[in-house]
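Chemist: Make a model of this:
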Amino acid sequence: MPFGLFPKLLPAAFLIAMAIPAISQTTYDAREGGLPLSFGAGVSNFDPYLAQDGGPLYGLHPGFGYGRMWGVAAWADAGAPLGPPWLHNFGIEARYQSIFAAGSPNQANIKEASTGGGAIYTLHRWRSFRPYGKYIFSLSRVDFTGVPEFGGGTYSHDSRATNSLGTGIEFRTTRHLWARIDYEYQLWGSLFGVQQFQPQGLTAGVMYDFRKSRVR
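Modeler: Next comes the predicted model:
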């Protein structure tokens, strides 16, 4: 794991730390039942890594622009319906994300999209807060301002398998509705001469959970 990952995880760690005083005042609802399935959608704000003013790609291609970009994400989580209580913390997540809204004029041609799934570990210890961590494997594509290729043609997109590490926290708003704040760090491997191409950012959204725990 690159050492650069740790400072990038600090925003999510800060969010969880800020929530601890409130979490400590809640209790776990052992009578939670129903289907361990949830669906959600939200808005993403990402550093696409192509667009850092003065960043690792700026000297290679300053036309990539600068600033963070906006997009959308959707996900579905499923947990273990049977088994011992500790097993209920493990689940799987399917996720789609598209980053497309430019943060600067030169970003008009930049888009990043990924579809994938993986494992998620969620702590169901408290009634109204659920911190989690996850790993997602995706098939991803990036589109960008074209770069001339040797022998003719233009290099304007790339597709590959990617890995993502994420963490976040979910807050209950009603019996079945939850708000989610999610931080994700993506590992695309070598791209554009950069040893590790690594978009990262936040997603905030809402989700519907089919479980039936009560709200105090």
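Chemist: contacts, neighbours, all on C-alpha from now
Modeler: Will do.
Chemist: what's the spacing between the closest residue to H124 other than its chain neighbours and T145?
Modeler: In space, and not counting its chain neighbours, H124 is closest to R130: 5.9 Å by C-alpha to C-alpha, 6 or more residues apart in numbering. Summarising the geometry, the distance separating R130 from T145, computed by C-alpha to C-alpha, to the nearest Å, is 40 Å.
Chemist: Centre of the chain to the one helix or strand Y208 maps to, how far?
Modeler: In the assignment (DSSP states H and E), Y208 maps to strand 200-209. Here strand 200-209 shows a centroid-to-chain-centroid distance of 8 Å under the convention C-alpha atoms, centre = their mean, to the nearest Å.
Chemist: For it, give the mean pLDDT please.
Modeler: Mean pLDDT, computed over strand 200-209, is 96.
Chemist: Kindly state the beta-bridge partners for E184.
Modeler: Beta bridges link E184 to G166, G201, judged by DSSP bridges.
Chemist: Can you report how many residues lie near it?
Modeler: Around E184 there are 23 other residues, counting by other C-alpha atoms under 10 Å.
Chemist: And for L177?
Modeler: 18.
Chemist: hang on, Y49 packs against G201?
Modeler: No. Look at Y49 against G201 with C-alpha atoms under 8 Å: they stay out of range, at 10.3 Å.
Chemist: ok, these two, which is more surrounded?
Modeler: Neighbour totals were compared for Y49 and G201, and G201 leads with 22 against 19 (other C-alpha under 10 Å).
Chemist: mind checking how far the residue nearest the centre of the chain is from G91?
Modeler: Here the mean C-alpha position of the chain is nearest to the C-alpha of E184 (C-alpha atoms, centre = their mean), at a distance of 3.7 Å. Counting by C-alpha to C-alpha, the gap between E184 and G91 amounts to 17 Å.
Chemist: Kindly report the same for R175.
Modeler: To G91, R175 is 21 Å away according to C-alpha to C-alpha.
Chemist: Which of the two has more residues huddled nearby?
Modeler: Counting neighbours by other C-alpha under 10 Å for R175 and for G91 shows that G91 has the greater number, 19 against 16.
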